[in-house]
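Asks: Following is a predicted model, sequence given first.
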Amino acid sequence: MSPLRTTNPAQHLPLPSVDAIEVRRLNLGISLLDCASQLGATVTARAYDKIRRVAGAIRGVADDLAEHYGFSFDEVQISVTPLSLIAHSLSEHELASVASAIDAAARDTGVDAVYGCSSIGPIGAQRGATALANALPSIIASTERVHASLDCTTPAGGVHTPAAIAYSRVVREIGDLSLSTPAHFLRIVAAPYCPDTLLFHDVRKPD
């Protein structure tokens, strides 16, 4: 009996050739769980300092990659832990201050966008999610790079009515702002919780 022979399938299958690589985004995930505090000023300072420290070289890395491989990124971004989790005890005014600090850190590090001004729990059931929803009109109006999302789904996968109503109210209030532009609406979405999304940094992962 002849011995059993194994072959590599790749030897018999045509392999695709790669002529070009198209990369649209460079994203850096940053956990802000260690920035949590009951004091708004503390969260603000910690979030700004950590983003500056962790993402300080991201623009240089993006430029080096683009030069080495011959392409450019459409967007260099960072995503952070959902704001409703790290600032769940803060007031609407304090949440707006934290978001402004995150926006400033994104600007100072040279990134195009920062994602994570988000809630991942039912509005009305969690104080942080409710306060964030109420603060979003002023956050979107006063920042340039901050992107926000509201979780409008139930655990069973249906539409969470209070969250959907809150989202529509936020959009309406943004529209009522005298300086609102179409770009403001592009920075807020209604989205179900998904750990692998780029709308915020997965709470289970480190930086």
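Replies: Alright, I've got the coordinates.
Asks: where are the low-confidence patches of this protein?
Replies: Scanning the chain for pLDDT under 70 picks out the ranges 1-23, 121-126, 178-182, 192-198.
Asks: all strands of it, in order?
Replies: Under the criterion DSSP state E, the chain carries strands at the ranges 25-30, 75-80, 113-119, 146-150, 188-190.
Asks: Can I get the longest helix along the chain in PDB, CA atoms only?
Replies: Ordering each helix of the chain by length in residues (DSSP state H) puts helix 92-109 first. Only the C-alpha atoms of helix 92-109 are listed here, as PDB (Å, rounded to 0.1, in the frame of the first residue of the first chain):
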ATOM      1  CA  GLU A  92     -24.900  67.700  29.900                       C
ATOM      2  CA  HIS A  93     -22.600  70.700  30.200                       C
ATOM      3  CA  GLU A  94     -19.800  68.600  31.400                       C
ATOM      4  CA  LEU A  95     -20.300  66.100  28.600                       C
ATOM      5  CA  ALA A  96     -20.000  69.000  26.100                       C
ATOM      6  CA  SER A  97     -16.800  70.000  27.700                       C
ATOM      7  CA  VAL A  98     -15.300  66.500  27.400                       C
ATOM      8  CA  ALA A  99     -16.400  66.300  23.800                       C
ATOM      9  CA  SER A 100     -14.700  69.700  23.100                       C
ATOM     10  CA  ALA A 101     -11.500  68.400  24.700                       C
ATOM     11  CA  ILE A 102     -11.600  65.300  22.600                       C
ATOM     12  CA  ASP A 103     -12.100  67.500  19.500                       C
ATOM     13  CA  ALA A 104      -9.200  69.600  20.500                       C
ATOM     14  CA  ALA A 105      -7.000  66.600  21.000                       C
ATOM     15  CA  ALA A 106      -7.900  65.300  17.600                       C
ATOM     16  CA  ARG A 107      -7.100  68.600  16.000                       C
ATOM     17  CA  ASP A 108      -3.700  68.800  17.800                       C
ATOM     18  CA  THR A 109      -2.700  65.300  16.700                       C
END
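Asks: what about the helices in this structure?
Replies: So, for the chain - with DSSP H - the helices run 40-54, 58-69, 83-86, 92-109, 127-142, 161-176, 182-185.
Asks: since we're on Val98, how many residues are nearby?
Replies: 28 (other CB atoms under 10 Å). Where C-beta positions appear, they are placed from N, C-alpha and C, glycine not excepted.
Asks: Repeat that for Asn27.
Replies: For Asn27, using other CB under 10 Å, the count is 16.
Asks: Quickly list what the nearest residue to it once chain neighbours are set aside is bridged to.
Replies: Closest residue in space to Asn27, ignoring its immediate chain neighbours: Gln77 at 5.2 Å, by CB to CB, 6 or more residues apart in numbering. For Gln77, the beta-bridge partners under DSSP bridges are Asn27, Ala113.
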